[in-house]
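Asks: predicted model and sequence below, questions to follow.
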Amino acid sequence: MPAATDPSTPRTAGVIPPPVLFFAALALGFALHRLWPQPLFADATAGRVAGVALIALGAALGTWMMLHFRRAGTPVSPLRPTRRLVVSGPYRYSRNPDYIGQALICAGIALAANAAWALLMLPPALLLVRHAVVAREERYLLALFGEPYAAYCRRVRRWI
């Protein structure tokens, strides 16, 4: 029986959407920044420029990723069942370009706001996404797509 129709295969990865985790970490960082301000730069101009560049890069990566999901006819949301394995576009280089894009946006916001605490919350958020989200998604996709997904994992790195 194909994994997609096997009743023992979960319908979704059953994860908390990573944007929720990333932006919760960012909110915590800004709350800490409000209590104990720790600027990253004496002159915030460089941080604003770098931050805007990272936000734009993250948004572009997210847009590129979404276009490939739409072309494949599969939902972007981890809360909806995956229909197809997407290995084109940014997925040729990383198995998680969506999360890289979200991390870039969060880093850009922290830099643009000159908020060290917000930037310091990003590594724990990435670890949480890696272990609480990506690990579950990988098991789900392996159960759903089998060897084609396993071969893809051997070819393409998890991050960059």
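Replies: Perfect, I can see it now.
Asks: quick one: residues contacting residue 156.
Replies: 87, 91-95 (Cβ atoms under 8 Å, 6 or more residues apart in numbering). Where C-beta positions appear, they are placed from N, C-alpha and C, glycine not excepted.
Asks: grab the most central residue of the chain for me.
Replies: For the chain, the residue sitting closest to the mean C-alpha position, by Cα atoms, centre = their mean, is residue 99 at 1.1 Å.
Asks: what about residue 128, neighbour count?
Replies: Other residues lying near residue 128 total 17 when counted by other Cβ atoms under 10 Å.
Asks: residues contacting the residue nearest to it when sequence neighbours are not counted?
Replies: Leaving aside its sequence neighbours, residue 128 sits nearest to residue 21 (Cβ to Cβ, 6 or more residues apart in numbering; 5.5 Å). Residues in contact with residue 21 (Cβ under 8 Å, 6+ apart) are 125, 128-129, 132-133.
Asks: how much space between residue 28 and residue 143?
Replies: Plainly put, residue 28 is 33 Å away from residue 143 if you go by Cβ to Cβ, to the nearest Å.
Asks: reformat the contacts of residue 156 as a markdown table; add neighbour count and pLDDT.
Replies: Output for the contacts of residue 156, formatted as a markdown table (neighbours: other Cβ atoms under 10 Å; pLDDT from 0 to 100):
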| residue | neighbour count | pLDDT |
| --- | --- | --- |
| 87 | 16 | 97 |
| 91 | 20 | 97 |
| 92 | 13 | 97 |
| 93 | 12 | 98 |
| 94 | 18 | 98 |
| 95 | 23 | 97 |
